[in-house]
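**Student:** One predicted model, sequence on top.
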Amino acid sequence: MPLPKAELHLHIEGTLEPELAFALAAGNGVELPYKDTEELRAAYLFEDLQSFLDVYYSLMAVLRTEDDFFELTDAYLARAAAQGVRHAEIFFDPQAHTSRGVPLATVIEGLARALDGGEERHGISTRLIMCFLRDESAESAMETLDAAKPYLHRIAAVGLDSAEVGNPPSKFREVYEAAAALGLRKVAHAGEEGPPAYIREALDILGVERIDHGLRCMEDPELVERLARERVALTVCPLSNVRLRVVDTLEQHPLARMMDAGLLCTVNSDDPAYFGGYVGDTFHAVHEALGLGEEKLRELARNSFVASFLEDDEERRGRLIAEVEAYEFTAPE
Ligand SMILES: Nc1ncnc2[nH]cnc12
Ligand SMILES: [Zn+2]
């Protein structure tokens, strides 16, 4: 049995495996600019975040119906469950779909149908996090928040993703204020490719509770000290950081140093279909490459539940943390 864990940084569109992409393309009459899954996989050699985003957004063309979103999400839950995921807080990018003419209702109803079966079918409790694309305008983000009002009971939090550099958190001050007024919680990608100052803005201007990625905080010792003192969780994605060339190799990843600095780190898969592994694979990889032993892996798993938005189900959180504490390692992940 794998180590129980929560996944807190997972873009559902980033779980679109090539095989499913081709199956959906055939069903929806969408022509992909790749001959087969092999040729598509060969395109997954990224230079940076933008070169990944170009492929990621273009492949979304195959997602058209509510059933497509259901199938995508149910497939993720099955894979995640097999790797010990017991709770998942899942990002989705509404603007990447509405801009292609797919109604928000289609997206959310497909996702929600899969998530509603998450506990029964896969033993995974879930939350949805609606992300704004930071390279789109603040007005577009506000329109998206407005359009989501009929579905607020389905959405736990708002997030901020896509091309970071040149799109600082402060651009979205008003929409985050509006989201908070609607009772939504707040997270944001910051310090992936962007500077430590973006992490400060996310905390001070947007009032986020967690920072997604955040690894560039390591360039700013004062910020590290603050993040540690305030117990701000960082949802770190080591395999993503290597594939998007934020770090050169996994062996050079700062995760171990971040944990040693007292940061509340979790590890996550980000876009597992593109980055070579789901979250259990990520635990395994950091064990191998960084020499993180059993107690460090246990800390990461414990942190994932501590940092989760399970406040409305403290009993489940407590039970899952107790399982982590009692876990006897047979394999590292
Ligand atoms: N790693 C990442 N950074 C920013 N936006 C994203 N959207 C999907 N994956 C992302
Ligand atoms: Zn991400």
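**Tutor:** Alright, I've got the coordinates. Given the structure is predicted, the values throughout are model-derived calculations rather than measurements. Residues are numbered from 1 along each chain as shown. Ligands and ions are numbered 1, 2, ... in the order given.

**Student:** Every contact and neighbour count from this point should use C-alpha atoms.
**Tutor:** OK.

**Student:** Who are the contact partners of Ala301?
**Tutor:** When contacts are counted by C-alpha atoms under 8 Å, 6 or more residues apart in numbering, Ala301 is found next to Leu3, Pro4, Lys5, Ala6, Thr266, Val324.

**Student:** can you do 6 Å?
**Tutor:** The contact partners of Ala301, by C-alpha atoms under 6 Å, 6 or more residues apart in numbering, come to Lys5.

**Student:** which is the next helix or strand following the helix or strand hosting it?
**Tutor:** Secondary structure assignment for Ala301, by DSSP states H and E: helix 294-306. For helix 294-306, the following helix or strand on the C-terminal side (DSSP H and E) is helix 314-326.

**Student:** Relative to the whole chain's centre, how far out is the helix holding Ala301?
**Tutor:** On the basis of C-alpha atoms, centre = their mean, to the nearest Å, helix 294-306 sits 17 Å off its chain's mean C-alpha point.

**Student:** For the residue of the stretch 101-250 of the chain found nearest ligand 1, the count of nearby residues, please.
**Tutor:** Closest contact between the stretch 101-250 of the chain and ligand 1, by C-alpha to the nearest ligand atom, is at Ser162 (3.4 Å). Using other C-alpha atoms under 10 Å, Ser162 has 17 other residues around it.

**Student:** Could you give the bridge partners of the residue nearest to it when sequence neighbours are not counted?
**Tutor:** Distances taken as C-alpha to C-alpha, 6 or more residues apart in numbering put Leu133 closest to Ser162, at 5.4 Å, once the chain neighbours are dropped. The residues listed as beta-bridge partners of Leu133 by DSSP bridges are Asp161.

**Student:** wait, doesn't Leu133 sit right on Ala163?
**Tutor:** No: with contact defined as C-alpha atoms under 6 Å, Leu133 does not reach Ala163; the gap is 7.9 Å.

**Student:** picking up where we left off before, count of residues packed around the residue nearest to Ser162?
**Tutor:** Count around Leu133 with other C-alpha under 10 Å applied: 21.

**Student:** quick one: pLDDT of it?
**Tutor:** Leu133 carries a pLDDT score of 99 in this model.

**Student:** Could you do Ala96 as well?
**Tutor:** pLDDT recorded at Ala96 is 98.

**Student:** do the one 5 residues further on as well
**Tutor:** You'll see Gly101 listed with a pLDDT of 98.

**Student:** can you check Thr330 too?
**Tutor:** 88.
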